[in-house]
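> can't give you the sequence, but here's the structure:
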């Protein structure tokens, strides 16, 4: 039997595999990591109803369900290349070449690096690495750390580090340069934080954010933002300070911090040293889409989705027959949205595999994605719905041009 192949064992890939298996299809998942779950593994946060979202537990549940349904999962397996020969997709791994008529790419996202002087010192890591060390491997990245980069991801992970009784000295900006741009501009960072103010444990922060709805109030807010920051989870969020250097001899010993003006420019003479034994750099996430590019998918740069995303429709189909995408490769969102997209992709694969009676389920699953998106507790990009609309408009243009070509 020709099995559907899924690249990526995160929430999208596992959910798609479960859906395919429930429809009677054979499924093989390939993933380069040593555990299934993807970025789901590192997640741990309290939901609005007081319950806890535990990514490790959710991963175990999806994995066990997939195994019970007969899904094959190959971990420690990197995919080097994919190509289509005749009607089949060839998937090249280090061990073998596998063929399939239906291939789902659910490779997720990667972290964007932000260069900071001293970032090659031992003890400097991405914020996602600190999350995995703490939540997955139960190893502290250090005793006292500084997080460079203030965004949705770093705010959530700072809270998780605090839960693990790790001292986070502060969240602060990177120094303004040609690469950091918006991430080093206090007002633009404030704009992004307003979309996660509901996560703040401080009633004052939640209340104050309601007044930051127009440009005048935002300018006032940035101008008079406390130099020492506003505390959330007892961690100073410093919009008016930037790290200009990470220092240490054989390992991280601390950071050189400077006050910046409302435009992000360093105020000379304001430098101070903050002791720390580890530093996390948070540059945000971007879709990990190299395999879709190798396959020949057309791409569009959609900032609202986090970067370049392959053209696809709401059924998670690409322009290439038998190739599907789901999860953060289609735009940076949370695990619940990724899982919902995986269900839709699985149903689309079942439909194209000859399974009858799934059209109504596909329609319902698309609605479920929208529902998860509308009710997402953490939204990485506030204008993600606009980004999705842009991609669907591009899909409409693609379909029109394809039809025009057929009927010429």
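Perfect, I can see it now. The structure displayed is predicted, hence computed values, not measured ones.
> For the rest of this, base every contact and every neighbour count on C-alpha atoms.
Noted.
> Show me what the strand or helix carrying residue 6 is packed up against.
Per DSSP states H and E, residue 6 falls inside strand 4-7. Identification of packing neighbours for strand 4-7 by 3 or more Cα pairs under 8 Å, 6 or more residues apart in numbering; DSSP states H and E yields helix 11-22, strand 27-30, strand 103-105.
> Output the contacting helices and strands for the next helix or strand along the chain from the shortest one.
Under the assignment DSSP H and E, the closest C-terminal helix or strand after strand 103-105 is strand 109-111. Judged by 3+ Cα pairs under 8 Å, 6+ apart, strand 109-111 is in contact with strand 285-287.
> For the strand it packs on, the averaged confidence score.
When pLDDT is averaged along strand 285-287, the result is 95.
> Could you do stretch 351-365 as well?
When pLDDT is averaged along stretch 351-365, the result is 97.
> can you tell me how far residue 349 sits from residue 260?
As defined by Cα to Cα, to the nearest Å, residue 349 lies at a distance of 52 Å from residue 260.
> Tell me which of those two has more neighbours.
Taking other Cα atoms under 10 Å, residue 349 and residue 260 do not tie; residue 349 has more neighbours (29 against 25).
> pretty sure that one contacts residue 19?
No - under the criterion of Cα atoms under 8 Å, residue 349 is not in contact with residue 19, lying 9.3 Å apart.
> In contact with the nearest residue to residue 107 once chain neighbours are set aside: list those residues for me.
With Cα to Cα, 6 or more residues apart in numbering as the criterion, residue 107 has its nearest non-adjacent residue at 4.9 Å, and that residue is residue 8. Residues counted as contacts of residue 8 (Cα atoms under 8 Å, 6 or more residues apart in numbering) are 14, 29-32, 38, 105-108.
> do that again at 7 Å, thanks
Neighbouring residues of residue 8 by Cα atoms under 7 Å, 6 or more residues apart in numbering: 29-31, 105-107.
> Repeat that for residue 386.
Counting by Cα under 7 Å, 6+ apart, residue 386 touches residue 304.
> host element of it?
Assigned by DSSP H and E, residue 386 belongs to helix 384-406.
> May I see the buried residues of that helix?
For helix 384-406, a neighbour-count test (16 or more other Cα atoms under 10 Å) marks 384, 387-388, 390-392, 394-395 as buried.
> mind checking how far that helix is from the chain centre?
For helix 384-406, the gap between its own C-alpha mean and the chain's C-alpha mean amounts to 24 Å (Cα atoms, centre = their mean, to the nearest Å).
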